[in-house]
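Q: need a 3D model of the following:
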Amino acid sequence: MKLRRRHLLVAPALLSAPAVLAQPKGQLKRVEIPLKWYRVQVEDNAFTVEMPGIPDHRIVNDRSPRGTVFTLHSYSLETGGYSYVVQTALYPEDVDVTQPRRILQAALDDRARQLAGRQWAKVEWRDAQGAAAVEASGPLAAGNALRQLVMLKQRRFVLLAFLGSIVSSVEAERFFRSVKLA
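A: Just a heads-up that it's a prediction; the model follows:
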């Protein structure tokens with residue numbers, strides 16, 4: 001009877017552990033439980049993206065250069081030593097979107113202030129899913145790096161950012177490949 005009670009007390013602790021430890025022939029082996037990825041449907045069904053957990057969603061009121069108020073939705077998650085950020089906004093009518101490269105460049109310039117040397121190491125311009133897009137990466141002062149993808153499709157602004165030690169990791173690749181614009 002005592003043996004059964006001891007097993008009942010240990011079982012819940014093992015079930016809630018983030019990693020499983022096994023002991024084959026005197027060696028400890030750590031087995032990582034893989035992250036569960038979720039499909040995140042952003043505001044207004046503008047696009048979907050996969051993230052390795054359920055992100056925090058924040059709504060930020062912003063203003064266009066001419067003073068029109070609009071809403072920026074920000075989804076963020078920190079897990080596995082990496083940070084994931086997705087932001088989107090539908091620009092108001094007073095924002096000139098006829099030159100998307102100018103808007104994308106402004107987004108790059110704004111974020112470059114956080115980089116070591118204040119410039120991107122790699123910048124790639126392209127069209128992605130019917131949107132003007134730019135992907136950039138660069139080192140941060142603390143030894144990490146930042147990678148971001150910025151897109152503009154008509155009035156829809158989309159930004160994906162990944163922060164970590166390796167911006168070409170399997171996790172980063174999955175995150176950036178998963179975005180599907182509506």
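Q: dig out what Val86 forms beta bridges with.
A: Per DSSP bridges, the residues bridged to Val86 are Tyr75, Leu160.
Q: so how far is Ser165 from Ala107?
A: 24 Å (CB to CB, to the nearest Å). (C-beta placed from N, C-alpha, C; glycine too.)
Q: oops, could you answer that again for Leu159 instead?
A: From Leu159 over to Ser165 (counting by CB to CB), the distance is 21 Å.
Q: and Asp94, by the same measure?
A: Using CB to CB, which is the criterion applied here, Asp94 is 41 Å from Ser165.
Q: which residues in this protein form strands?
A: In the chain, the segments counted as strands under DSSP state E are 19-22, 29-32, 38-41, 47-51, 56-63, 69-79, 82-90, 122-128, 131-139, 145-153, 156-164, 180-181.
Q: any idea which of those strands scores lowest on pLDDT?
A: Note on the strands of the chain: lowest mean pLDDT is at strand 19-22, with a mean of 38.
Q: buried sites along stretch 69-76?
A: By 16 or more other CB atoms under 10 Å, the buried positions in stretch 69-76 come out as 70, 72-75.
Q: which one of those residues is nearest Ser169?
A: Each of the buried residues of stretch 69-76 was checked against Ser169 using CB to CB; the closest is Tyr75, at 19.5 Å.
Q: for the closest one, list the residues it contacts.
A: 40, 42, 51, 55-58, 85-87 (CB atoms under 8 Å, 6 or more residues apart in numbering).
Q: wait, isn't Tyr82 in contact with Val170?
A: No. Using CB atoms under 8 Å, Tyr82 is not in contact with Val170; the gap is 10.7 Å.
Q: what about those two, which has more around it?
A: Using other CB atoms under 10 Å, the more surrounded residue of Tyr82 and Val170 is Tyr82, with 20 against 8.
Q: what sits against the more buried one?
A: Contacts here follow CB under 8 Å, 6+ apart; on that basis Tyr82 touches 162-164, 169, 171-172.
Q: then Asn45?
A: Applying CB under 8 Å, 6+ apart, one finds that Asn45 lies in contact with Ala182.
Q: name the member of the contacts of Tyr82 with the most neighbours.
A: Ranked by the number of neighbours (other CB under 10 Å), the contacts of Tyr82 place Phe162 first, at 23 neighbours.
Q: I figured that residue hits Phe175, correct?
A: Yes. Phe162 is in contact with Phe175 according to CB under 8 Å; the separation is 5.9 Å.
Q: tell me how far the residue lying closest to Gln148 once chain neighbours are set aside lies from Asp96.
A: In space, and not counting its chain neighbours, Gln148 is closest to Ala161: 4.3 Å by CB to CB, 6 or more residues apart in numbering. For Ala161, the distance to Asp96 equals 24 Å [CB to CB].
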